[in-house]
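Chemist: quick one, fold the following:
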Amino acid sequence: MNIMKKIIQRGIIGIFVGFAIGQIITIIISLSLGTGEYVACAPEFIVLVGNEAAAVAIQALLCGIMGFGFGGASAIWEMDNLSIAAQTGICFLIYSVFMLPAAYFTYWMEHSVAGFLTYFGIFAAIFAAMWAVQYFIWKKRIKEINDGLKQ
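Modeler: Purely as a prediction, here's the structure:
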């Protein structure tokens, strides 16, 4: 299948995944506040936008765009002409380009150097953990295939 077709197909699916990620983030933010109330958007973002309904709509749109970028970038993992280091670097860069501006704009992170670095650190740690899990899953699968070919 053409790589651009894969990127677009996965991007479209990613839009819905992005909506789900946005919901999960708002739930995590709500739970971390400890008030027992659901916060659909960061209060600072609501003030910036002017009302809660518009803030939720913009946040959902940004989550959909973020999901499109993440989904589309997943096709990079299948580009055999790139090393795993190149695939990792390109994906991390693309994910960062989609995630970090959305997180900053919606106030998912504190608007300070420390807030950005903390959020980026969490983002990088999650990326690294997910990369490591996938790496070991594929390493095991490849070993099983090779063992099967030997028999």
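Chemist: so what does the longest helix seen in the chain touch, helix or strand wise?
Modeler: Assignment by DSSP state H gives helix 113-150 as the longest helix of the chain. Applying 3 or more Cβ pairs under 8 Å, 6 or more residues apart in numbering; DSSP states H and E, one finds that helix 113-150 contacts helix 84-105. All C-beta spots, glycine's among them, are computed from the backbone N, C-alpha and C.
Chemist: returning to what we had before: report the buried residues of the longest helix of the chain.
Modeler: Across helix 113-150, burial judged by 16 or more other Cβ atoms under 10 Å covers Tyr119, Phe123, Phe127, Trp131.
Chemist: flag the shaky bits of the chain, pLDDT-wise.
Modeler: Along the chain, the parts satisfying pLDDT under 70 run over 1.
Chemist: dihedrals phi and psi, Asn81?
Modeler: Note on Asn81: backbone dihedrals following degrees, to the nearest 10 are phi -80, psi 0.
Chemist: going forward, begin numbering at 58 instead of 1
Modeler: In the new count, where the first residue is 58, that last one comes out as Asn138.
Chemist: do you know how far it is from Gly146?
Modeler: Using Cβ to Cβ, to the nearest Å, one gets 15 Å for the distance from Asn138 to Gly146.
Chemist: the two - which one has more neighbours?
Modeler: The neighbour count for Asn138 versus Gly146, taken as other Cβ atoms under 10 Å, is higher for Gly146 (13 against 6).
Chemist: just send the buried residues of helix 170-207 back as CSV, with distance to Cys120 too.
Modeler: Formatted as CSV, these follow (distance: Cβ to Cβ, whole Å):
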residue, distance to Cys120
Tyr176, 16
Phe180, 15
Phe184, 18
Trp188, 22
